[in-house]
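**Student:** A structural model of the following input is requested.
(2 chains)
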Amino acid sequence: MWALECNNAVKSFYEAENNGKHSLFSRPKKKEIFAVNRVSFQVDKGETFGILGQNGSGKSTLIRLISTLLLADEGEIKVFGHNVLDERLEVRRLINRVSVDAAFFKKLSAWENLLYAARLYGLNVEEAKQRSLEILERLGLGAEKFNSPLENLSRGQQQKVAVARALLTSPVLLLLDEPTTGLDPRSKRDVQDFIVEVQREHDATILLTSHDMYEVEKLCNRVAILHEGRLVAMDTPENLKSKYGETEDSSLEDVFFTLTGMDWKEVLEDVE
Amino acid sequence: MWSSLASLWHDTKASLAFVERNFNLVKRYFAWEVVFLFYAIVNTLTIGLIGVRLGPEEVLYLVVGALLWGFLSVLFNEVSQSVSWERWEGTIEYTFMAPVRRMSYLLGVSFFAVLYGVIKTSILLLAVAFFFEIDLSGANLWAALVILVISSFSLIGLGLIAAVLPLMSPERGPQATHIIQGFILLISGIYYEVTVLPSWLQVFSAFSPATYTLRAARQAILEGASVWQLMGDIQILILFGIILIPLGYWIFTQGEKYAMRTGKLKRNG
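**Tutor:** Next up is the predicted model:
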């Protein structure tokens, strides 16, 4: 059984044409935008699978489809054999997610936010507190920050609490949607090291989307490149480089350029 | 059997997570709570003062209206704005992807609303009783409490129906809930008898649970009516609850499916 199976997933949205301008007696014209277009892949248990793509390529939509937050128009997605459409509660017990924006109740402390998550997932409060402290300490966030309101923590510190929130529930499938975007180099390394540790020690399956080529190369067993909603390539980083690289020392950046026609610098500028 | 009981226990605990979270938020936004409470007290007192020239019964009539409207507004607001609040904080996706049944979420939010409403209304009642030296010796407060509890269900049902609006339209939904709230205020006889409304508007009054809540609660407090004497209104309120809660839940789940289809769960719409 695959940890994650995505078969021909399609998700489109409707966007108003002409900036939504329309006459008083007519509705704005809308065009269909395919965010995810016939995407298929399988992820093995214990694998770290990376998805590379520019902003708007469909990475976050794909993560939302897997997280049961969006309904696919077509196709089928299964998490450990459970269909995300029909067995939402079962899937939700198996997954957790870290997104690019650390979404919290900003006035609540780190512990109050983590306590809320612990209760939702039916965890023992004392055990959750102990585990939260361990994870945060491992991520380099001191215990003195535990009771501070999230709004008083830096972006990097908030993201570390977000990682702790996701790992607190021991998910067997961890969805990491650009977890290190916008972090300072030190925080970025802390989070990356912890991802490696979680994968190794807890045998978790990880789906990671990123803008960082080196991060993907360092952490992922296999990488898929998503461009305008379509999966244009998928393999190990080494195989991608040997298949699509023009020279022997081609990088993943070169591969991305060959496959999408986009310079990676443009992608990063778009992120900033 | 055991798995069902375990599931029920998990759902109950999950419901309490929302109550605990909301009380934690109240604690963290305490300064704002004090400001809002001060405003609510002043608002209730000024409404009561309008009736001073007309006599103590009129003061009580207006004050009961203000207190009950305060309570019903808390219920309606807390339930209907729960989605907007989470969207504003950016946590809605995390709450909705947790392994918790939607019913547990809504029960938790509603239970908090009742507790919060009771605490806030009790403080208001104390302030009002102190300010106006109200004599409640002839009032049947138990009957009024029964009315309050029974009417909570129908107001929660209305709140659930209204909660779907912010779910479907992140931009205009929250404002639309205030239109519903304003309409209930207009037609339910909060500060006046519904008979003073134009006849075409009185038709709508019959469909507002707040109309029966106000009428029954006033009879209990001003005339000392017993629960038995209020049975007619109680039956209507129970019927409203039986209809509105399942209807509200169904509408909310349909709204959630719509939001999941169109991608409106995420923070920025």
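**Student:** helices and strands around the helix or strand where B:His178 lies, which ones?
**Tutor:** Using DSSP states H and E, B:His178 falls within helix B:173-187. When contacts are defined as 3 or more C-beta pairs under 8 Å, 6 or more residues apart in numbering or on different chains; DSSP states H and E, helix B:173-187 packs onto helix B:56-80, helix B:82-89, helix B:141-168, helix B:199-205. In short, each C-beta sits where N, CA and C put it, glycine included.
**Student:** averaging pLDDT over each of those helices, which comes out lowest?
**Tutor:** Note on the helices and strands packed on helix B:173-187: lowest mean pLDDT is at helix B:82-89, with a mean of 87.
**Student:** quick one: that helix near chain A?
**Tutor:** Yes - using C-beta under 8 Å from any C-beta of the partner chain, helix B:82-89 reaches chain A at B:Glu89.
**Student:** just checking, what packs against that helix?
**Tutor:** Against helix B:82-89 (3+ C-beta pairs under 8 Å, 6+ apart) you get helix B:92-96, helix B:141-168, helix B:173-187.
**Student:** for that helix, buried residues please.
**Tutor:** Going by neighbour count (16 or more other C-beta atoms under 10 Å in any protein chain shown), the buried part of helix B:82-89 is B:82-87, B:89.
**Student:** now those residues in JSON lines, with distance to B:Glu20?
**Tutor:** Output for the buried residues of helix B:82-89, formatted as JSON lines (distance: C-beta to C-beta, whole Å):
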{"residue": "B:Ser82", "distance to B:Glu20": "15"}
{"residue": "B:Val83", "distance to B:Glu20": "19"}
{"residue": "B:Ser84", "distance to B:Glu20": "20"}
{"residue": "B:Trp85", "distance to B:Glu20": "16"}
{"residue": "B:Glu86", "distance to B:Glu20": "15"}
{"residue": "B:Arg87", "distance to B:Glu20": "21"}
{"residue": "B:Glu89", "distance to B:Glu20": "16"}
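**Student:** find the nearest non-adjacent residue to B:Gly241, please.
**Tutor:** B:Phe153 (3.2 Å; C-beta to C-beta, 6 or more residues apart in numbering or on different chains).
**Student:** alpha carbons only: can I get the helix holding B:His178 in CSV?
**Tutor:** Extracted as CSV, the C-alpha positions of helix B:173-187 are listed here (Å, rounded to 0.1, in the frame of the first residue of the first chain):
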residue,chain,number,x,y,z
GLY,B,173,-20.3,37.2,4.8
PRO,B,174,-19.5,38.8,8.2
GLN,B,175,-21.4,42.0,7.3
ALA,B,176,-24.4,40.0,6.1
THR,B,177,-24.7,38.3,9.5
HIS,B,178,-25.2,41.7,11.1
ILE,B,179,-28.1,42.3,8.7
ILE,B,180,-29.8,39.2,10.0
GLN,B,181,-29.0,40.3,13.6
GLY,B,182,-30.4,43.8,12.9
PHE,B,183,-33.6,42.3,11.4
ILE,B,184,-34.2,40.1,14.5
LEU,B,185,-33.7,43.2,16.6
LEU,B,186,-36.3,45.1,14.6
ILE,B,187,-39.0,42.5,14.5
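**Student:** for that helix, give the mean pLDDT please.
**Tutor:** 91.
**Student:** that helix vs helix B:56-80, what angle?
**Tutor:** 160 degrees (axes from the mean of the first three to the mean of the last three C-alpha atoms, to 10 degrees).
**Student:** thought A:Tyr244 was touching A:Ala233?
**Tutor:** Yes - A:Tyr244 lies in contact with A:Ala233 (C-beta atoms under 8 Å); the separation is 6.7 Å.
**Student:** shared neighbours of the two, anything?
**Tutor:** Counting by C-beta atoms under 8 Å, 6 or more residues apart in numbering or on different chains, the contacts common to A:Tyr244 and A:Ala233 are A:255, A:259.
**Student:** give me every residue in the stretch 51-200 of chain A lying close to chain B.
**Tutor:** A:61, A:64, A:67-71, A:89, A:92-93, A:95, A:97, A:99, A:101, A:103-108, A:112, A:115-117, A:119-122, A:149, A:165.
**Student:** again, 7 Å this time
**Tutor:** When proximity is defined as C-beta under 7 Å from any C-beta of the partner chain, the stretch 51-200 of chain A approaches chain B at A:67-71, A:89, A:92-93, A:97, A:101, A:103-108, A:112, A:116, A:119-122, A:149.
**Student:** what's around A:Arg155, how many residues?
**Tutor:** For A:Arg155, the tally of surrounding residues (other C-beta atoms under 10 Å in any protein chain shown) stands at 14.
**Student:** that one contacts A:Asp184, doesn't it?
**Tutor:** No - A:Arg155 is beyond contact range of A:Asp184, at 8.4 Å (criterion: C-beta atoms under 7 Å).
**Student:** is chain A contacted by the helix or strand containing B:Ala14?
**Tutor:** For B:Ala14, the host element (DSSP H and E) is helix B:2-28. Yes - counting by C-beta under 7 Å from any C-beta, chain A has neighbours in helix B:2-28: B:10, B:13-14, B:16-17, B:20-21, B:24-25, B:28.
**Student:** okay, who's weakest in the residues you listed by pLDDT?
**Tutor:** Pick the lowest pLDDT in the residues of helix B:2-28 next to chain A and you get B:His10, at 80.
**Student:** can you tell me the closest non-neighbouring residue to that one?
**Tutor:** A:Gly122 (4.9 Å).
**Student:** chain A contacts on chain B?
**Tutor:** B:10, B:13-14, B:16-17, B:20-21, B:24-25, B:28-29, B:89-91, B:93-94, B:96-100, B:260-261, B:263, B:265.
**Student:** buried subset of the residues you listed?
**Tutor:** B:10, B:13-14, B:16-17, B:20-21, B:24-25, B:28, B:89-91, B:93-94, B:96-100, B:260, B:263, B:265.
**Student:** so after the longest helix belonging to chain A, what's the next helix or strand?
**Tutor:** Counting by DSSP state H, the longest helix found in chain A is helix A:185-202. As assigned by DSSP H and E, the chain's next helix or strand after helix A:185-202 is strand A:205-210.
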